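In: Model the following, please.
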Amino acid sequence: VGNAVEHITAITVAMKNKMDLAMGIAIGSCTQISLFVVPIMVLVGWALEKDMTLNFPPFEIQLFFLSVITVAVVISNPTTNWLLGSLLIETYLMVALGFYFEKVKDF
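Out: Model prediction:
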């Protein structure tokens with residue numbers, strides 16, 4: 001729930017044309033999830049005797065690197081237009097379709 005509130009706040013401040021703050025909130029929230037919540041979930045899984053590891057499938061690792069490159073491109077350019085926004089939405093849809101059709105193998 002906290003992560004959803006952060007994203008709503010980022011959208012709200014972006015609508016008020018405060019893009020630096022919006023990007024800081026969105027990137028900070030994603031960094032918090034990747035560096036804190038995922039390892040904590042692995043530890044909770046071990047405590048509950050559920051097999052949870054950080055052994056991600058190759059497709060997910062490739063998407064992680066793609067997302068890092070995408071964020072770097074978006075942040076490096078101080079101005080934007082509708083074309084960049086539409087490309088970001090298209091990228092999001094392609095990632096969603098990739099996860100939908102991904103065949104996960106048990107390790």
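In: so who does Gln32 touch?
Out: Asn3 (CB atoms under 8 Å, 6 or more residues apart in numbering). Using the backbone N, CA and C atoms, a C-beta is placed for each residue, glycine as well.
In: Also the one 10 residues further on?
Out: When the contact criterion is CB under 8 Å, 6+ apart, the partners of Val42 are Met52, Thr53, Leu54.
In: Distance of the last one relative to Val42?
Out: Read it as Leu54. The gap separating Leu54 from Val42 is 6 Å, by CB to CB, to the nearest Å.
In: tell me the contacts of Ile27?
Out: Shown here is Ile27, whose contacts under the criterion CB under 8 Å, 6+ apart are Val71, Ile75.
In: For Thr80, see how far away it is.
Out: When distances are taken as CB to CB, Ile27 and Thr80 turn out to be 15 Å apart.
In: Does Met52 belong to a helix, a strand or coil?
Out: Reduced to three states with DSSP: H, G, I helix; E, B strand; the rest coil, the structure at Met52 is coil.
In: Could I get the phi/psi values of it?
Out: phi -120, psi 120 (degrees, to the nearest 10).
In: I'd say it and Trp46 touch.
Out: Yes: with contact taken as CB atoms under 8 Å, Met52 and Trp46 are classed as touching, separated by 7.2 Å.
In: in this structure, what spans have low per-residue confidence?
Out: Low-confidence regions of the chain, defined here as pLDDT under 70, cover residues 1-2, 106-107.
In: just the helices in it please.
Out: 2-15, 19-32, 38-47, 58-76, 82-101 (DSSP state H).
In: Report the buried residues of the second one.
Out: This means helix 19-32. Neighbour-count burial for helix 19-32, with 16 or more other CB atoms under 10 Å as criterion, is recorded at Ala22, Met23, Ile25, Ala26, Ser29.
In: Apart from its chain neighbours, what residue comes closest to the first one?
Out: Excluding its sequence neighbours, the residue lying closest to Ala22 (CB to CB, 6 or more residues apart in numbering) is Ala14, at 3.8 Å.
In: what's the burial count for the one you found?
Out: The criterion is other CB atoms under 10 Å. On that basis, Ala14 has 15 neighbouring residues.
In: so how far is Val44 from His7?
Out: To Val44, His7 is 23 Å away according to CB to CB.
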